[in-house]
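> Got a sequence here, can you model it:
(one chain, ligands or ions: 1)
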Amino acid sequence: MTDDLLARHQAVLPKWMPLYYAEPIEIVSGSGCRVTDANGRSYLDFFGGVLTTMIGYDVPEVREAVERQLRTGVVHTSTLYLIRQQVELAEKIARLSGIEDARVFFTNSGTEANEAALLVATNLRRSNQILAVRNSYHGRTYAAMGATGHRSWSASSLNPLQVAWLHSGDRLRGLLAKLDEADHIEAAVEDLREVLATQTAGDVACLIAEPIQGVGGFVSAPDGLFAAIKKVLDEYGILLISDEVQTGWGRTGEHFWGYQAHGVTPDLLTFAKGIGNGFALAGVVGRAEVMNAVQAISFSTFGGNPISTAAGNAVLDYVLDHNLQENAQRIGAILLEGLRAVAADHPAVAEVRGRGLMLAIELVRPGTVEPDAAAAGRVFELAKEGGLLVGKGGLYGNVLRMGPPLTLSEEEAREGLAILADAIARA
Ligand SMILES: Cc1ncc(COP(=O)(O)O)c(C=O)c1O
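Have a look, this model is predicted:
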C-alpha cells in the first residue's frame, strides 16, 4: 500500500521535496511519543515531524479545544473581525516573550514569521541591509531564504536583502572552531565590527539568528554571545531578531526561549512549529514601537485563525500546566549523558551537542573532522529498523537530530538510547 502511495507521491509532487528513508513510511496513527505506519509497524518518535509535535500525538486537551471551535461552525472569519482565541494567545505569548509592551502578529509558518520580522525591522530602520549567520536556516520564502546560510536550502540567489554574514558557533570546523568560549566570543565581536566596517553602508536593519541552529545540525555559539554582539548592535541601533522556531517553549530545558542562555532580550522573536503541535501556527513578537513600524496595511488571511489559535492556546496551557520545560531539562540530561557514553566508544561520533530535548550527534571519518554523511545515513536507517525515528541535518548532512516531544518519559528516553546505541555500533 505504501509502495503504491510512494509511486503516486513521486508522480505528482516535486522532486526537491525530500522524503526520509530508502523505504519511505506513511504514518497513519499516533499516541503520546509513538506513531504507527501503514504496515502496522510502530516507532518511538524522536523527531516529532521536525520538532513540531511538541506535546505528543493525540492529546485530548488539544483535540477538545479544536473540536469546541469546530462545533461553533466557525473555522474562519479573517482577522478583519475580532478573534477571541487569537487575542488570548497573543496575551499569553506577549507575557512569556520577555519583551516589554509586546505586540504579536500571527502567521501560518516560520518562514512567514521571519518575513514579518524582517519587514518590520527593515521598515523601522529604512534599510534593506541585514546581518545573518552562516549555517542558518530561516525558511523558504525569498527574504528568509536570502538570510539562510546553508547551501542545500538556498534554492535561489534572488534576495530582497543585502546580507553580510557572521560566523556560526561550529566547534568542529571554521575560523572560530578551535577557540575556547571566551576567545570565541571576543573573536566573533571583532568579526562583527569588521563586517560592519567593510561590508555594509552602516545603517543595517537587523541581525537574524537562531540561538541553536536547527537545520544546521543543532550548532550553537557559546552562551553569552548574543549579549556581547548586541552591545555592538546597540551602538548602531541595529535590531536583534531571535529565530526561536525550533528553540522555543522550553525545549532547551534550562530556558523557555533559546535567547535566555545569552543574557539578553531580542527586539523581535519569531516562533512556529511546536506552538500548534501540528496545526499551522506561527508568528512574531516584538516591542510595540518596532512592530508598529510597518508603513502600509499588512495582514495574513489564515494567520491567527480560530482553529489554529484554539490549538495554540491548548498547547501552550499544556506546556505550562505540565511543566514540560522541566521535563525537557531532566530527560534531556539523561539522553545527553547516554549519548556521550555511546560516543566515547565510537570514534566516528565527533560531537554530541545540544541542550534539553534538542540533541545531535555528528558523524565523521574517525580521527578526522571530515563529515561522514553515509555513516549518518546508515545510523538513521538502522535506528528506523530498530523502531526509532530521528532526524538528519547539518551543513554536510552528517548530523543526526533528536527533537522528541517534550512529554518524553525517562523509560522512552532509555528505550530510544538503546536503539541508537545499537544502530551506531552496527553502522
Ligand atoms: C529556525 C527555523 N526558522 C524558520 C523555519 C521555517 O519554518 P516553516 O517551515 O514553518 O516555514 C524553520 C523550519 O524548519 C526553522 O527551523
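
> Okay, helices next: where are they in the stretch 51-200 of the chain?
Under the criterion DSSP state H, counting those that start in this stretch, the stretch 51-200 of the chain contains helices at 60-71, 84-97, 110-125, 142-146, 181-199.

> Mean neighbour count, those helices: which tops it?
helix 110-125 (a mean of 25; mean count of other Cβ atoms under 10 Å). Yep, even glycine has a C-beta here, placed from its N, CA and C like the rest.

> Which strands or helices does that one pack on?
When contacts are defined as 3 or more Cβ pairs under 8 Å, 6 or more residues apart in numbering; DSSP states H and E, helix 110-125 packs onto strand 102-107, strand 129-133, helix 142-146, strand 206-209, strand 239-243, strand 268-271, strand 282-287, helix 288-291.

> Contact residues of the stretch 251-400 of the chain facing the ligand?
By Cβ under 6 Å from any ligand atom, the residues of the stretch 251-400 of the chain that approach the ligand are 272, 282.

> secondary structure element for the nearest residue to V399 once chain neighbours are set aside?
Once flanking residues are discounted, V399 sits nearest to G217: 3.4 Å by Cβ to Cβ, 6 or more residues apart in numbering. Under DSSP states H and E, no helix or strand contains G217.

> burial of K384, as a residue count?
21 (other Cβ atoms under 10 Å).

> In the stretch 1-150 of the chain, what residue lies closest to the ligand?
Shortest the stretch 1-150 of the chain-to-the ligand distance, computed as Cβ to the nearest ligand atom: residue-wise this is G110, at 2.3 Å.

> Find the nearest non-adjacent residue to that residue, please.
Nearest one to G110, counting by Cβ to Cβ, 6+ apart, is A272 at 3.3 Å.

> correct me, but that neighbour touches A282?
Yes - in this structure, A272 is within contact of A282 by Cβ atoms under 8 Å, at 3.3 Å.

> Helix, strand or coil: sort out L316 for me.
When classified by DSSP: H, G, I helix; E, B strand; the rest coil, L316 comes out as helix.

> Counting neighbours, what do you get for it?
So L316, with other Cβ under 10 Å, has 22 neighbours.

> Please tabulate the helices of the stretch 51-200 of the chain in CSV and include mean pLDDT and distance to C206 as additional columns.
Shown next, in CSV, are the helices of the stretch 51-200 of the chain (pLDDT from 0 to 100; distance: least, Cβ to Cβ, whole Å):
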stretch, mean pLDDT, distance to C206
helix 60-71, 98, 34
helix 84-97, 98, 17
helix 110-125, 98, 4
helix 142-146, 98, 11
helix 181-199, 98, 13
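
> any idea how far the residue nearest to D243 when sequence neighbours are not counted lies from T270?
In space, and not counting its chain neighbours, D243 is closest to E210: 4.6 Å by Cβ to Cβ, 6+ apart. Counting by Cβ to Cβ, to the nearest Å, the gap from E210 to T270 is 10 Å.

> Pull up the overlap in contacts between those two.
Contact criterion Cβ atoms under 8 Å, 6 or more residues apart in numbering; residues shared by E210 and T270: 242-245.

> what's the closest of the residues you listed to the ligand?
Nearest member of these to the ligand, counting by Cβ to the nearest ligand atom, is V245, at 3.5 Å.

> Surely that closest one forms part of a helix?
No - applying three-state DSSP, one finds V245 to be coil, outside a helix.

> Where do the strands of the stretch 301-427 of the chain begin and end?
349-355, 358-363, 388-389, 391-393, 399-402 (DSSP state E, counting those that start in this stretch).

> Does the residue nearest to V399 touch G403 like I think?
No - using Cβ under 8 Å, G217 is not in contact with G403; the gap is 11.8 Å.
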